[in-house]
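K.L.:
give me coordinates for this.
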Amino acid sequence: MNILISNDDGYLSQGIAMLARIASEFANVRVVAPERDRSGVSNSLTLDRPLRIRAAENGFYYVSGTPTDCIHLGLHALSDFKPDLVLSGINHGANMGDDTLYSGTVAAATEAYLMGIPAVAFSLNHHQFSKYADTVEQAVWQILAHLIQQPPSAPILWNVNIPAVSPEMLLGHQITRLGRRHHVQSIVHATNPRGEDIYWIGAVGEVADNEEGTDFAACESGFVSITPLQIDLTAYNQLNDLQQFWQDLSVKSEKAA
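P.N.:
Residues are numbered from 1 along each chain as shown. Presented below is the predicted three-dimensional model:
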């Protein structure tokens, strides 16, 4: 079995090193990741400049682009390695609820899924990775052991979030839905050394939906959250109303004529 690994924190992150080490216990592994932190770039592709791919001393490949770029180059520029599974992460920080829309970690897995390859995105619900490294290793190892023992018969896209608890406080896993978070992001104003105004995107808002069954609630309670994702954004509950809206407009137009 071949496993392709990427992330959005960059090829030097602690999370991707751990993920590669654990995955190598089960399969052949290749790492293709961004050369620097590309958090929050979502599914963006680099179209305004050429990309470079280089090999690092640790055997990882790094790319001058986004996580999505890495998946494309890993599949096509390094075509000698045909992955049966793609893993992304382990992210230093959660990717739950609406945050999955912005996440480069989830985006790498999503791109593989769109190409027909099973994919899993892993994130830790804390930015201090070293503090919870033992918990992360335990959770990831258990998931990969089950997944590789029973490979999916069709492409899957799982979003996994690991709670920031000690290993003995890890309660297991829960299958969850995405919660919601208020995205009232503040704008932080500053001035650079030249006296010019600059701005930072501030922290995200508070959680709006952390009811039982959500990824937020599972992690808060000490469970690993596993959320199956899909890409179809169609609002099916609005199709009939929208169809009726345009029919009504057509009738009014005919009468006016």
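
K.L.:
check Tyr62 and give its pLDDT.
P.N.:
Looking at Tyr62, its pLDDT is 96.

K.L.:
oh, that last question was meant for Ile187, not what I typed.
P.N.:
Looking at Ile187, its pLDDT reads 82.

K.L.:
what about the residue nearest to it when sequence neighbours are not counted, which SS state?
P.N.:
Excluding the flanking residues, the one nearest Ile187 by CB to CB, 6 or more residues apart in numbering is Tyr199, at 5.4 Å. The C-beta positions use only the backbone N, C-alpha and C, and glycine is treated the same way. Counting by DSSP: H, G, I helix; E, B strand; the rest coil, the backbone at Tyr199 sits in strand.

K.L.:
does Tyr199 touch Thr191 like I think?
P.N.:
No. Contact between Tyr199 and Thr191 fails when scored by CB atoms under 8 Å: they sit 10.4 Å apart.

K.L.:
the helix or strand of the chain with the lowest mean pLDDT: what's the following helix or strand?
P.N.:
Every helix and strand of the chain was ranked by mean pLDDT, DSSP states H and E. The lowest is strand 207-209, at a mean of 63. Following strand 207-209 in sequence order, the next helix or strand is helix 215-220 (DSSP states H and E).

K.L.:
doesn't Thr227 belong to a strand?
P.N.:
Yes. Secondary structure of Thr227 (three-state DSSP): part of a strand.

K.L.:
tell me, how many neighbours does it end up with?
P.N.:
24 (other CB atoms under 10 Å).

K.L.:
what's the nearest residue to it if we skip its chain neighbours?
P.N.:
What sits nearest to Thr227 in space, not counting adjacent residues and going by CB to CB, 6+ apart, is Asn159, at 4.5 Å.

K.L.:
if you count contacts, what does the helix or strand where the one you found lies end up packed against?
P.N.:
Take DSSP H and E as the rule and Asn159 turns out to sit in strand 157-162. Judged by 3 or more CB pairs under 8 Å, 6 or more residues apart in numbering; DSSP states H and E, the packing partners of strand 157-162 are helix 104-114, strand 119-124, helix 133-149, helix 215-220, strand 224-228.

K.L.:
try it again with 6 Å
P.N.:
strand 119-124, strand 224-228 (3 or more CB pairs under 6 Å, 6 or more residues apart in numbering; DSSP states H and E).

K.L.:
winner for burial among those strands?
P.N.:
Greatest average neighbour count among these goes to strand 119-124 (a mean of 29), per mean count of other CB atoms under 10 Å.

K.L.:
hang on, the earlier thing: and the residue nearest to Ile187, how many residues sit next to it?
P.N.:
Neighbourhood size, Tyr199 [other CB under 10 Å]: 9.

K.L.:
beta partners of it?
P.N.:
His189 (DSSP bridges).

K.L.:
what separation do you get for it and Val86?
P.N.:
Look at Tyr199 and Val86: by CB to CB, to the nearest Å, they are 35 Å apart.

K.L.:
taking the centroid of the chain, which residue is nearest it?
P.N.:
Ranked by distance to the mean C-alpha position of the chain (CA atoms, centre = their mean), the top residue is Val106 at 1.5 Å.

K.L.:
what sits against that residue?
P.N.:
Residues near Val106 by CB atoms under 6 Å, 6 or more residues apart in numbering: 95, 100, 121, 159.

K.L.:
can you check Ser123 too?
P.N.:
So Ser123 contacts 89, 91, 94-95, 105, 161 (CB under 6 Å, 6+ apart).

K.L.:
which non-adjacent residue is nearest it?
P.N.:
Nearest to Ser123 is Asn91, by CB to CB, 6+ apart, at 3.8 Å.

K.L.:
before we move on, what about Val120?
P.N.:
Trp158 is the one closest to Val120 (CB to CB, 6+ apart), at 4.6 Å.
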